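Chemist: the amino acid sequence is not available; the structure is as follows:
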């Protein structure tokens, strides 16, 4: 059976092929009645529009590219889901790529999205990235770029992130309010601004509460589970071990929790724990892990809406810097005081 073309639809309706093409492209000069008739015949004849040809005619593919470090963390998958919901409602499809936290792969992702002629890109930068020329290539070609969570200060680029400094400050202040005074920090690689801000918030909270910063309580890593385990083992060997740990990620905090349980330490009585991200598993472990919620759903919705605003009014659009207020989710891993002091729960 031969493939249905616009000529078949035109013949059935006794109109020109160009009218069919315009009707399928929702051209404003085609009446609603004609558009409805064309769509009905197209559906009945099982017509499939050539998306490449349509893109060449309109200059748009209605494709939105997404680049994330990984899809196996609930934070990133939640952001992706929210972006997709907003984009789909505006008749955009999404192409999802992951860099695996490698700059080389991230560059390859961007090149693939450029070849696919996406109308815009929403991305979170990889842990390795130090050269942003591949992102500038997008904006140099007039392609809207929105960065979220892991961001960089680039021209003509919108940013959506949480206030990482505030989240870290509030987490550390909470531990101090629980009576902790030797608070360790599992810090992420300082190449990424989010980890710089979390470290700075931790230090400032100590200083504002007149607690001396101790370099021995600082552990740099990729803040994965194995890093949290290694860091906790190192800290427990200190002459004066910590009475609390604030980790820059939930994964490192869970690694620390595993070691503490293996060593027979009580959480939070001996060592209180706080993570960062509010991954799904944080409410399932025992005790529940106190963490900083990064508002992934809201972040994804705003990132997608910012893209749509730019693509619809490119000449009027001005790049945005949107900073969301994080939320401290207090659970059993840090709550040494009476449970009535719980600030929030999930």
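Modeler: Okay, I see it. Source: prediction; values computed, not measured.
Chemist: and the helices in the stretch 201-346 of the chain?
Modeler: Using DSSP state H, counting those that start in this stretch, the helices found in the stretch 201-346 of the chain span residues 225-236, 250-262, 296-312.
Chemist: so where's the stretch 201-346 of the chain uncertain?
Modeler: 337-346 (pLDDT under 70).
Chemist: go again using 80 as the cut-off
Modeler: Applying pLDDT under 80 to the stretch 201-346 of the chain flags residues 314-315, 337-346.
Chemist: quick check: buried residues in stretch 136-144?
Modeler: The neighbour-count criterion (16 or more other Cβ atoms under 10 Å) identifies 138-139, 143-144 as the buried residues of stretch 136-144. All C-beta spots, glycine's among them, are computed from the backbone N, C-alpha and C.
Chemist: end-to-end on it?
Modeler: Stretch 136-144 has an end-to-end distance of 11 Å (Cα to Cα, to the nearest Å).
Chemist: what sits up against that stretch?
Modeler: If you take Cβ atoms under 8 Å, 6 or more residues apart in numbering as the criterion, stretch 136-144 is touched by 110, 114, 118-121, 145, 154-158, 307, 310-311, 314, 317.
Chemist: just to revisit the earlier point, in strands, which of the buried residues of stretch 136-144 fall?
Modeler: Among the buried residues of stretch 136-144, no residue falls in strands (DSSP state E).
Chemist: can you redo these as a markdown table with pLDDT and distance to residue 97?
Modeler: Below are the buried residues of stretch 136-144 laid out as a markdown table (pLDDT from 0 to 100; distance: Cβ to Cβ, whole Å):
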| residue | pLDDT | distance to residue 97 |
| --- | --- | --- |
| 138 | 93 | 13 |
| 139 | 92 | 18 |
| 143 | 92 | 15 |
| 144 | 94 | 17 |
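Chemist: neighbours around residue 295, how many?
Modeler: For residue 295, the count of nearby residues is 21 (other Cβ atoms under 10 Å).
Chemist: for residue 272, give me its contacts.
Modeler: In this structure, residue 272 makes contact with 175, 178, 180, 243-245, 290, 333-334, 336, judged by Cβ under 8 Å, 6+ apart.
Chemist: out of those residues, who's nearest residue 199?
Modeler: Closest approach between the contacts of residue 272 and residue 199, by Cβ to Cβ: residue 245, at 13.8 Å.
Chemist: I'd like to know how far residue 145 sits from residue 157.
Modeler: 5 Å (Cβ to Cβ, to the nearest Å).
Chemist: neighbour count winner among the two?
Modeler: It is residue 145, of residue 145 and residue 157, that has more neighbours when counted by other Cβ under 10 Å, with 25 against 22.
Chemist: with residue 114 as the reference, measure out to that one.
Modeler: 12 Å.
Chemist: residue 251 now?
Modeler: 32 Å.
Chemist: neighbour count winner among the two?
Modeler: Higher neighbour count among residue 251 and residue 114: residue 251, with 23 against 16, using other Cβ under 10 Å.
Chemist: deepest of the helices of the stretch 201-346 of the chain, which one?
Modeler: Neighbour counts averaged per stretch over the helices of the stretch 201-346 of the chain are highest for helix 250-262, at a mean of 23; criterion: mean count of other Cβ atoms under 10 Å.
Chemist: and it, what does it pack onto?
Modeler: Under the contact criterion of 3 or more Cβ pairs under 8 Å, 6 or more residues apart in numbering; DSSP states H and E, helix 250-262 touches strand 183-187, helix 225-236, strand 244-247, strand 272-274.
Chemist: could you pull up the residues touching residue 227?
Modeler: Here residue 227 is in contact with 186, 219, 221, 251-252, 255 (Cβ under 8 Å, 6+ apart).
Chemist: closest to residue 75 out of the residues you listed?
Modeler: residue 251 (10.6 Å).
Chemist: which one of the contacts of residue 227 is nearest residue 11?
Modeler: Taking Cβ to Cβ as the measure, residue 11 lies nearest residue 251 of the contacts of residue 227, at 61.3 Å.
Chemist: my guess is that closest one contacts residue 223, does it?
Modeler: Yes. Using Cβ atoms under 8 Å, residue 251 is in contact with residue 223, at 6.2 Å.
Chemist: any weak-confidence spans in the stretch 1-150 of the chain?
Modeler: Within the stretch 1-150 of the chain, the ranges that satisfy pLDDT under 80 run 1-4, 24-28, 48-61.
Chemist: which one of the helices of the stretch 201-346 of the chain lies nearest to residue 36?
Modeler: Here helix 296-312 is closest among these (Cβ to Cβ), at 24.8 Å.
Chemist: show me what the closest one packs onto, helices and strands only.
Modeler: Checked by 3+ Cβ pairs under 8 Å, 6+ apart, helix 296-312 has helix 74-89, strand 120-123, strand 145-148, strand 158-162, strand 321-324 packed alongside it.
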